[in-house]
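Q: A predicted structure for the sequence below; I have some questions about it.
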Amino acid sequence: MSELETRELEYFLAVADELHFGRAAVRLSIAQPALSKAIRRIETRLGVPLFVRSSRHVALTPAGEALQEHGRHALNAVSAAIRNTRRAGDSQAHLRLVLKPGGDAGLLSGMLAEYSHQPDARRVDILFSGPTDRTDFLRYGRADVGLLYVPFDDLEGLAHETLHTEDRVVIVPSGHRLAAHASARMSDLDGETLPRWKGIPGGSGDGPEVADVVQLLHMITVGRMIGVLPRSLVEPVPPGLVCVPMTDAPPSRLVLAWNERDRRPLVASFVAAALAHRDH
């Protein structure tokens with residue numbers, strides 16, 4: 001960051017997000033001429049133009065697009081370092097656990113009970129994430145530990161322990177052609193409409209976009225699509241739907257994950273309790 005201060009990076013990202021100097025200045029609570037001058041100073045220091053400007057239009061150059069992508073990661077990393085430093089010195093800090101709603105395979109209450117017996121147990125704050133951002137919570141210090149599903153969540157940069165392995169099921173309306181089957185194979189889904197998961201590029205279906213399991217089950221109920229999920233995410237099975245076991249879909253693993261660089265006793269104690277509950 002020697003060539004670019006964090007404040008300057010914040011200025012750049014505000015303009016890159018808004019593509020409008022006036023709106024970015026309002027967002028930053030600074031005067032527009034001061035913001036324009038700061039952006040020109042950044043461009044001079046880096047030796048490349050970051051924006052294409054006209055009287056009616058602002059656009060990112062290729063260099064600007066690169067700085068927007070990598071600069072946001074850098075700023076998030078700085079923010080995470082500050083948060084983690086402060087928390088490391090806070091002997092009363094709560095433990096923050098992130099998961100998707102209903103995404104604990106029925107293990108959460110037992111894990112919390114086991115953790116409460118640890119001599120250094122802290123209060124646990126439960127955070128609910130969107131469909132795809134649990135890993136960001138962990139990478140950028142917004143949560144200490146998280147419950148993730150493999151292979152759906154990306155574990156890069158995260159340490160993890162498997163808590164539960166389960167099969168996947170295809171969820172269909174009760175009148176669907178597969179509803180009476182004892183099991184199904186992936187080939188049985190050819191020609192079916194599958195969901196597009198919000199925030200997950202590629203690897204999803206071509207049907208309507210859904211953001212969570214609740215939306216998915218509603219769309220299945222009204223006959224717009226079918227879906228494939230770990231069995232625990234559909235229990236109890238809603239009325240009007242049927243879950244058929246998939247015989248050749250890779251199993252799903254529920255894992256407890258944390259930042260691989262986080263070696264605080266706060267985290268280690270919770271991991272130990274979760275593994276003790278798993279092994280009971």
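A: Perfect, thanks for sending it.
Q: only C-alpha atoms from now on, for both contacts and neighbour counts.
A: Fine.
Q: nearest spatial neighbour of residue 198, skipping sequence neighbours?
A: Spatial nearest neighbour of residue 198, chain neighbours left out: residue 211 (5.0 Å); criterion: Cα to Cα, 6 or more residues apart in numbering.
Q: how many residues are close by that neighbour?
A: The local packing of residue 211 (other Cα atoms under 10 Å) involves 16 other residues.
Q: residues in contact with the most far-flung residue of the chain relative to its centre?
A: Distance from the C-alpha centroid of the chain peaks at residue 55, with 38.3 Å (Cα atoms, centre = their mean). Taking Cα atoms under 8 Å, 6 or more residues apart in numbering, we find residue 55 in contact with no residue.
Q: and the gap between it and residue 20?
A: 11 Å (Cα to Cα, to the nearest Å).
Q: please apply the same query to residue 238.
A: Applying Cα to Cα to residue 238 and residue 20 gives a distance of 47 Å.
Q: who has more neighbours, the two?
A: Between residue 238 and residue 20, counted using other Cα under 10 Å, the more crowded position is residue 20 (16 against 12).
Q: wait, doesn't the residue nearest to residue 198 sit right on residue 129?
A: No: using Cα atoms under 8 Å, residue 211 makes no contact with residue 129, being 10.9 Å away.
Q: leaving out chain neighbours, which residue sits closest to residue 253?
A: Leaving aside its sequence neighbours, residue 253 sits nearest to residue 165 (Cα to Cα, 6+ apart; 4.4 Å).
Q: can you give me phi and psi for the residue nearest to residue 198?
A: The phi/psi pair for residue 211 (degrees, to the nearest 10) reads phi -100, psi -20.
Q: how close does it sit to residue 132?
A: Applying Cα to Cα to residue 211 and residue 132 gives a distance of 9 Å.
Q: now do the shared contacts for the two.
A: The contact sets of residue 211 and residue 132 overlap at residue 198 (Cα under 8 Å, 6+ apart).
Q: now residue 76: which helix or strand?
A: Following DSSP states H and E, one finds residue 76 within helix 62-88.
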